[in-house]
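Asker: Using only what follows, build the 3D model:
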Amino acid sequence: MDRASSQRRTCRGRGFSTVELVVVLLIIGVVAAMAVLQLQQPLGVARSDAALREVVDQLRQAREYSIANRRYVQVSFPLSASGTPEVQIQEMNTLTSGGGTTNPVLSLVPIEAPMLFTLVTGMPDTPDGFGNTFPVEFEGVNASGTGTVSLYFQSDGELVDSVSLLPVNGTVFLGVAGNPTSARAITVLGTTGRVRGWKSTGLSAGVGSWVLF
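Answerer: Now for the predicted structure:
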């Protein structure tokens, strides 16, 4: 056997066959797919929690601004032109409709995608018990969050309606349709303006439950 032939055999023996390479690539693909599946649920929970924080923070800031500046501050929950849910905070220097620059918008914050104002099937009302007929439910305010009255924080911290200026309780429900673990809720106690966040624990026997966030 000549030296060149021996070196070729040695090189082939040290390499990988096509079958071995394919097996290694398949193993890498399976591990990567498992990692993606494991990450999907934590990422979904993180997005749901971020949306909850956005609404809670906006409501608390609106209340604090109202107290600090002794102004009525309107909160509303509109949808953008593209259907993105938003939280709008507006200073109300006049209590008439509109007001233009007299009533400046202090903030307009979109909610973390893919969360929407929605009632997730299987989730009951929160322990505060302010109602769960609509995704955005305050006394005298319909599902769109605009209704026949507006919602104002006033300088003593109360959340009141624009007609009677009496305290109103309510809840904003967030979630992704068909995903009970994504359900989140924000409740406001009108008499004090207390804002609470609630998080779904998922479904048990088809019925969900809430814990304070």
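Asker: what about the strands in this structure?
Answerer: 72-76, 86-92, 105-110, 116-117, 136-138, 151-153, 159-161, 170-176, 179-189, 194-204, 207-212 (DSSP state E).
Asker: Of these, which is nearest Val23?
Answerer: The closest of the strands of the chain to Val23 is strand 179-189. By Cβ to Cβ, the value is 36.5 Å. Yep, even glycine has a C-beta here, placed from its N, CA and C like the rest.
Asker: didn't Leu119 look like it was pressed against Asn132?
Answerer: Yes. At 6.2 Å, Leu119 counts as touching Asn132 under the criterion of Cβ atoms under 8 Å.
Asker: what residues are shared contacts of the two?
Answerer: Here Leu119 and Asn132 share the contacting residues Phe173, scored by Cβ atoms under 8 Å, 6 or more residues apart in numbering.
Asker: Show me which of the two is the more surrounded one.
Answerer: Leu119 (19 against 15; other Cβ atoms under 10 Å).
Asker: so what's Ser204 scoring on pLDDT?
Answerer: On the pLDDT scale, Ser204 is placed at 84.
Asker: And for it, the neighbour number?
Answerer: Here the number of neighbours of Ser204 (other Cβ under 10 Å) works out to 10.
Asker: And it, how far from Pro180?
Answerer: 10 Å (Cβ to Cβ, to the nearest Å).
Asker: swap in Ala113?
Answerer: Distance of Ala113 to Pro180, computed by Cβ to Cβ: 19 Å.
Asker: okay, those two: which has more neighbours?
Answerer: More crowded of Ala113 and Pro180, by other Cβ under 10 Å: Pro180, with 20 against 12.
Asker: Chain neighbours aside, what residue packs nearest to that one?
Answerer: By the measure of Cβ to Cβ, 6 or more residues apart in numbering, the closest residue to Pro180 outside its immediate chain neighbours is Leu203, 4.7 Å from it.
Asker: and if you look at Pro114?
Answerer: Nearest residue to Pro114, sequence neighbours excluded (Cβ to Cβ, 6+ apart): Val176, at 5.5 Å.
Asker: In contact with the nearest residue to Thr191 once chain neighbours are set aside, which residues?
Answerer: With Cβ to Cβ, 6+ apart as the criterion, Thr191 has its nearest non-adjacent residue at 4.6 Å, and that residue is Pro167. Pro167 is in contact with 158-160, 190-191, counting by Cβ under 8 Å, 6+ apart.
Asker: And for Ala50?
Answerer: Residues near Ala50 by Cβ under 8 Å, 6+ apart: Glu112.
Asker: And the average pLDDT for stretch 121-135 is what?
Answerer: Per-residue pLDDT over stretch 121-135 has a mean of 94.
Asker: next one: stretch 174-189
Answerer: The pLDDT scores in stretch 174-189 average 96.
Asker: related to what we said a few turns ago, quick one: the residue nearest to Pro180 from Met123, how far?
Answerer: Taking Cβ to Cβ, one finds Leu203 at 8 Å from Met123.
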